[in-house]
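In: Here is a sequence together with a model predicted from it:
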Amino acid sequence: MKNQKRIKNRSFFFLISFLFLTSLLSIKTFKKVTIQDIRISGSELFSQSDVVKNSSLNFPIRLILVKTNLLEKELKQNLSLKNVSVSRQIFPFGLKVKVKTRTPIAYGEKILNTKKILGYIDLDGIFIKKENADQENLNKLTIQVFGWEEKFKNILSKILNEHKNEKFEVVKITFSPSGFITLEERNLKKIFLGFNHDLINYQLQIINKLKIEFLKNNFSDEIDNIDLTDPNKPKIKVFKP
């Protein structure tokens, strides 16, 4: 009898505890998240106010109403982040925002509504606003990118990865408003790649072969520019004394 009574008491205790916890969780999820309830990890570059300003959500907002997927998408886009994860938390109460920043590999310039905007470019060809870039090692950047647009990022990434893999040494990459690409390489000087972006892989192969051949024959000092708009028929212009 005593054992049965103990079992009933324990069951009743667990039931009360469960109901209390469920009620508490329910109350917490309807509590409003304020700016002070946002915790950021992964970078000291961004503040709680940056999260609020770069979101379409209206803070304070009830925890249960926070659309984490939307917030992740907006922060990734607006803060030039490589990755971001947002999770709701009951204990401690609030939003946990974990960010991964992008690493600049080049200086960048883009035109927005006829206004020049300065920033940086990462290995994926993504433009990073100056205020969203980690200042460490920026003085070591040697590449410049002009005329950046979202539609050029994949082409840009391919060129920058060739540089990273030491196939050749990029100095400057320029996109005209109409999409004409001009590349400057340390030894091969100015290289015209043209409008046909579908040729980029083949053009990069040609550049690699030309650099190896020209350096081997000490010919690179005589080059003025190389026209690879038709990679099957490279045109090389040399300095004339």
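Out: Good, I have the coordinates.

In: Skip ahead from the strand or helix carrying residue 209 and say which helix or strand is next.
Out: Per DSSP states H and E, residue 209 falls inside helix 200-216. Scanning forward in sequence from helix 200-216 by DSSP H and E, the next helix or strand is strand 223-227.

In: Buried ones in that next one, by neighbour count?
Out: 223, 226-227 (16 or more other C-beta atoms under 10 Å). Just so you know, the C-beta spots here come from the backbone N, C-alpha and C atoms, and that holds for glycine as well.

In: Now distance to residue 205 and pLDDT too, for those, in TSV please.
Out: Below are these laid out as TSV (distance: C-beta to C-beta, whole Å; pLDDT from 0 to 100):
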residue	distance to residue 205	pLDDT
223	18	82
226	14	93
227	16	96
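
In: And the residue nearest the centre of the chain?
Out: residue 82 (4.0 Å; C-alpha atoms, centre = their mean).

In: Run through who's touching the strand or helix carrying that residue.
Out: Applying DSSP H and E as the criterion places residue 82 in strand 81-89. With contact meaning C-beta atoms under 8 Å, 6 or more residues apart in numbering, strand 81-89 is reached by 29, 63-64, 66, 68, 71-72, 75-76, 95-102, 122, 124, 132.

In: Now list the buried members of those residues.
Out: Buried among the contacts of strand 81-89 (16+ other C-beta under 10 Å): 63, 66, 71-72, 75-76, 95-97, 99, 101-102, 122, 132.

In: if I look at the residue nearest to the centre of the chain, how far off is residue 132?
Out: Per C-beta to C-beta, to the nearest Å, residue 82 is found 11 Å from residue 132.

In: which residues do these two both contact?
Out: residue 101.
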